[in-house]
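# fold the stuff below for me.
(chains A and B)
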Amino acid sequence: MITATIAGQQRTAARASLMLPRSGAWTGTLVLDQDTIPRGAITVTLSGVDMPAWIQRCELVKGMLAMRVVGGAGGLGHVATPKHYRNPTVRHVLNDLVAGAGESLSAACTASVLDLPLGYWTTLGLTNGVLLDALIEVAGGGCVWRVLHDGAVFLGTETWPMCPAEVRVMDQDAGNASQVLGTDSLGIWPGTTIAGRRVDVVVHEFDGATPRSRVWWAEEHA
Amino acid sequence: MSRLRDAFRASQGADPMLRYGCIYRAKVTGQSSDLQRVSVRPFDESLPSMADIPLRHGVPGIKVQVAPGCTVQIGWDDRRPDRPFAALWSAEASALRVIISCPSIELGMENATEFVAKGTSQTAQLVAAFTTIATALTSLGQVPAALSLTATAAQLPMLLSTKVRVG
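Alright, predicted model coming up:
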């Protein structure tokens, strides 16, 4: 079940789709039985896990509220203030980008990556998300960034913990290295491992009946 | 702006390094004492002022002290934000000093043979030889006192102190 809490009111989504990538901000589309248009912060709850998010766009369609949300505080799509650095570390640049975006930095970031020295760094007038992409490109070593379920920005390398959810394979597309998994809890997260396979992207879909999770595996595209 | 155009721009931004593959014009605002780095202020406002970025010239072994306010191009090696550089001067740029570090400079034609003047070490040898000859001639009573000749020779390095050959 996927719910949305807006201004203290929790509502169950009639339909919802949440895309959680291993690198990047998670996004979602939700349809709620509501006749007012909200703005700003929202909490999406996926299988009991509260996920702070920001409403990017919403409108009323046939008496239902359709919205698109992005994980975090909505600042990763904002354009960063240009800045030049001499001898910074990844941590310096990351702190500035995250703070400038009004987001929070996760304590789970990989310390060895944050301490990487950079001779220079130039922050151009690009969106914070694009600059985070550039930062992980420069950091190398398979580094990723993503907005975690708690809304904080993680940057670092994967540890690939076991996925806590019990799943069953309902369909598969070997050509695209993806499977549709059934789970009672929708508790599948990117960066975790299921039966030895690494989750790269997961899309949780809920249409009011059976929840499904389509998973794209990482190793086939390594 | 149309949604189609927005989508197109979003697709352009899909490559985070794209903008770092571009070259931008910037005004020089300062230069390091070793002449190897410059501080610049780009004309494009989406770029920050950049301090102490490596300065490159089209020819190796050259250092140039540039006049403040010159326009130069800036870019990033391998499209990486951590590898900025400045290079390529605009036509109106002027140099205050040029230092060329190499054993031989030939002007006018290849394999030029005529020295414009002699280098420091050769000048010292010439001065020594001149002094020796002058001293010998003085002892033979052929020329005035060696002391004044030596003083004259001491002025020679100033006249002979470059290292350029011309054709």
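
# where does the residue of chain A found nearest chain B fall, secondary structure wise?
Nearest residue of chain A to chain B (C-beta to the nearest C-beta) works out as A:G125 at 3.1 Å. All C-beta spots, glycine's among them, are computed from the backbone N, C-alpha and C. Assessed by DSSP states H and E, A:G125 sits outside every helix and strand.

# spit out the contact partners of it.
Residues in contact with A:G125 (C-beta atoms under 8 Å, 6 or more residues apart in numbering or on different chains) are A:79-82, B:45-47.

# which PyMOL command selects the buried ones in those?
Burial among the contacts of A:G125 is assessed by 16 or more other C-beta atoms under 10 Å in any protein chain shown; the matching PyMOL selection reads:
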select buried, (chain A and resi 80+82) or (chain B and resi 47)
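
# can I get the contacts of A:G125 in TSV with pLDDT, distance to A:T29 and secondary structure?
Shown next, in TSV, are the contacts of A:G125 (pLDDT from 0 to 100; distance: C-beta to C-beta, whole Å; DSSP: H, G, I helix; E, B strand; the rest coil):
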residue	pLDDT	distance to A:T29	secondary structure
A:V79	96	24	strand
A:A80	97	27	coil
A:T81	96	31	coil
A:P82	97	33	coil
B:E45	92	35	coil
B:S46	93	31	coil
B:L47	96	36	coil
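
# tell me where the longest helix sits in chain B.
Assignment by DSSP state H gives helix B:120-139 as the longest helix of chain B.

# can you get me a residue count around B:T138?
Neighbours of B:T138 under the rule other C-beta atoms under 10 Å in any protein chain shown: 17.

# A:I42: neighbour count?
21.

# from the contact counts, what lies against the helix or strand hosting it?
Using DSSP H and E, A:I42 sits within strand A:41-46. Packing contacts for strand A:41-46, counted by 3 or more C-beta pairs under 8 Å, 6 or more residues apart in numbering or on different chains; DSSP states H and E, involve strand A:2-6, strand A:9-21, strand A:49-61, strand A:64-71.

# Serialize these to a markdown table and add fields for mean neighbour count, distance to chain B and mean pLDDT.
As requested, the helices and strands packed on strand A:41-46 are exported to a markdown table (neighbours: other C-beta atoms under 10 Å in any protein chain shown; distance: least, C-beta to the nearest C-beta, whole Å; pLDDT from 0 to 100):
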| stretch | mean neighbour count | distance to chain B | mean pLDDT |
| --- | --- | --- | --- |
| strand A:2-6 | 20 | 25 | 91 |
| strand A:9-21 | 18 | 13 | 93 |
| strand A:49-61 | 16 | 11 | 95 |
| strand A:64-71 | 21 | 13 | 96 |
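
# tell me which stretches of the chain form helices.
You didn't say which chain, so I picked chain A. A:90-100, A:111-114, A:128-139.

# that's the wrong chain, I meant chain B
Using DSSP H, helices in chain B cover B:3-12, B:120-139, B:146-154, B:156-159.
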